[in-house]
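Trainee: Test case, fold it:
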Amino acid sequence: MTENVLLSVLNLSVGYSTQQGVVNAVSDVSFDVQKNEVFGIAGESGCGKSTLIRALLRLLSNNGASTATAITYEGQDIQNLSDNAFRDTILWKRISLVPQSAMNSLNPVYRVGDQVIEAIRAHSRASRSEARERVEFLFDIVGLQPELMKNYPHEFSGGMRQRAMIAMSLALDPGLIIMDEPTTGLDVLVQERILRRVREIRAEISSSIILITHDIAVIAEMSDRIAVMYGGKIMESAAAIDLFESPYHPYTLGLKNAFPSIKAVNNELISIPGSPPALLGDEPGCLFQPRCPFSDSACVQVVPDRHYVSELHQVSCHRHADVLELRERAAQKSTWHY
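Mentor: Numbers count the residues shown, from 1 in each chain. Next comes the predicted model:
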């Protein structure tokens with residue numbers, strides 16, 4: 001599968017310097033993104049998903065710093081590129097971003113089409129007429145009439161602005177598009193239209209997608225493989241169907257409880273009590289342990305190793321061998337609200 005790897009990340013960590021100390025927002029995260037796949041990263045808000053992406057794209061705030069053993073794109077080392085070389089050769093041209101709250105990212109005083117045109121010209125040698133022709137093509141791909149290029153952002157609905165930002169992310173034909181919470185703030189019907197359009201776009205182009213979301217329903221519908229993050233670490237990763245049909249980590253089981261299922265005996269949703277950890281300093285044991293109803297003494301004291309429960313299914317949990325018991329107990333509300 002190595003020849004099919006588009007992006008490879010090995011042992012990426014991110015820390016933020018604060019008055020209280022260093023916040024370890026991402027810790028030793030490793031994953032690969034295959035060509036022509038949707039790789040989903042799921043987890044609650046604050047688990048490190050967006051920080052991970054900002055580190056990959058060198059968009060961290062001034063108090064943030066990242067380290068990694070290796071980051072490669074199509075086999076090329078991109079970790080050791082200078083910031084200028086990264087901006088000139090990687091950002092937007094090979095890896096693009098639909099940022100969180102993308103529908104609010106358009107400049108309100110410029111026409112939408114002009115903003116996409118200038119984004120193309122800023123990163124290529126295209127003439128204005130060539131860029132305009134490209135934008136007309138992109139608007140058609142995302143389901144916007146080319147005549148709408150002359151409109152201002154306030155004349156677009158939230159869903160239309162989101163599609164305009166997706167068009168901008170496609171402008172330079174990147175191999176990888178990162179979508180950070182692409183449906184946040186949109187109503188259910190608009191969400192479905194956006195997701196349907198993303199599926200159609202994926203069928204038309206050969207780009208891979210990293211989909212970042214806290215919405216389990218969205219990630220289940222859209223992804224080929226999924227990594228579940230908690231406390232800045234990947235707790236479990238697998239093919240999407242395996243993750244939802246045969247989850248191993250208690251955190252994944254908890255997230256699944258919050259996802260309505262037509263197969264469920266009742267439709268009662270079960271929340272995970274407590275809040276994500278503060279991540280100040282190095283904490284012993286499993287980070288999910290304070291919220292986990294299945295924890296034992298090893299969970300308190302020892303950081304769990306990564307275990308392969310199948311070729312493509314990894315989990316970091318001391319109790320992975322007790323999965324049948326955990327799944328049965330996790331389905332009961334009394335297990336979580338003790």
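
Trainee: and residue 112, backbone torsions?
Mentor: phi -60, psi -50 (degrees, to the nearest 10).

Trainee: so what's the spatially closest residue to it that is not a sequence neighbour up against?
Mentor: Spatial nearest neighbour of residue 112, chain neighbours left out: residue 164 (5.2 Å); criterion: C-beta to C-beta, 6 or more residues apart in numbering. Glycine gets a C-beta too; all of them are placed from N, C-alpha and C. Residue 164 sits next to 106, 112, 116, 139, 142, 144, 153, 156 when contact means C-beta atoms under 8 Å, 6 or more residues apart in numbering.

Trainee: Need the max-distance pair from those residues.
Mentor: Greatest spatial distance in the contacts of residue 164: 142 and 153, 15.1 Å, computed using C-beta to C-beta.

Trainee: hmm, back to that, now, which of the contacts of residue 164 sits nearest residue 65?
Mentor: Using C-beta to C-beta, residue 106 is the member of the contacts of residue 164 that sits closest to residue 65, with 30.4 Å.

Trainee: separation between the residue nearest to residue 112 and residue 135?
Mentor: Distance, residue 164 to residue 135, using C-beta to C-beta, to the nearest Å: 10 Å.

Trainee: So for those two, which residues contact both of them?
Mentor: Contacts common to residue 164 and residue 135, judged by C-beta under 8 Å, 6+ apart, are residue 116.

Trainee: Now the residue nearest to residue 112: which helix or strand?
Mentor: helix 158-169 (DSSP states H and E).

Trainee: buried stuff in that helix?
Mentor: 159, 160, 161, 162, 163, 164, 165, 166, 167, 168, 169 (16 or more other C-beta atoms under 10 Å).

Trainee: Which residue, neighbours along the chain excluded, lies closest to the first one?
Mentor: Of all residues beyond its chain neighbours, the one nearest residue 159 is residue 190 (4.0 Å), with distances taken as C-beta to C-beta, 6+ apart.

Trainee: all helices of the stretch 1-150 of the chain, in order?
Mentor: Using DSSP state H, counting those that start in this stretch, the helices of the stretch 1-150 of the chain run over 49-56, 83-89, 112-122, 128-141.

Trainee: May I see those helices arranged in CSV, with mean pLDDT and distance to residue 232 as well?
Mentor: Shown next, in CSV, are these (pLDDT from 0 to 100; distance: least, C-beta to C-beta, whole Å):
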stretch, mean pLDDT, distance to residue 232
helix 49-56, 95, 8
helix 83-89, 94, 23
helix 112-122, 94, 31
helix 128-141, 93, 35
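
Trainee: and among those, the most buried is which?
Mentor: When those are scored by mean count of other C-beta atoms under 10 Å, the highest mean neighbour count falls to helix 49-56 (a mean of 23).

Trainee: So which elements touch that one?
Mentor: strand 5-18, strand 21-34, strand 38-42, strand 64-67, strand 176-180, strand 208-213 (3 or more C-beta pairs under 8 Å, 6 or more residues apart in numbering; DSSP states H and E).

Trainee: Next, the buried residues of the second one.
Mentor: Pointing back at strand 21-34 there. 23, 24, 25, 26, 27, 28, 29, 30, 31, 32, 33.

Trainee: can you pull the contacts of the fifth one?
Mentor: Meaning residue 27. Residue 27 makes contact with 13, 231, 232, 233, according to C-beta under 8 Å, 6+ apart.

Trainee: How about the contacts made by residue 184?
Mentor: With C-beta under 8 Å, 6+ apart, residue 184 has these contacts: 100, 101, 213, 215.

Trainee: Kindly provide the distance from the residue nearest the centre of the chain to residue 27.
Mentor: The centroid of the chain falls nearest to residue 212 when counting by C-alpha atoms, centre = their mean (2.1 Å). Taken as C-beta to C-beta, the spacing of residue 212 relative to residue 27 amounts to 17 Å.

Trainee: next one: residue 60
Mentor: 15 Å.

Trainee: Any figure for the gap between residue 250 and residue 38?
Mentor: 26 Å.

Trainee: give me the low-pLDDT residue ranges for this structure?
Mentor: Counting by pLDDT under 70, the chain contains low-confidence ranges at 1, 102-103, 260-267, 338.

Trainee: Run through the bridge partners of residue 33.
Mentor: residue 7 (DSSP bridges).

Trainee: That one: what's it in contact with?
Mentor: Per C-beta under 8 Å, 6+ apart, neighbours of residue 33: 5, 6, 7, 8, 39, 176, 208, 210.

Trainee: Swap in 7 Å and give it another go.
Mentor: 6, 7, 39, 176, 208, 210 (C-beta atoms under 7 Å, 6 or more residues apart in numbering).

Trainee: do the same with residue 41
Mentor: 49, 210, 212, 227, 229.

Trainee: 8 Å - rerun?
Mentor: Applying C-beta under 8 Å, 6+ apart, the residues near residue 41 are 49, 52, 210, 211, 212, 213, 226, 227, 229.
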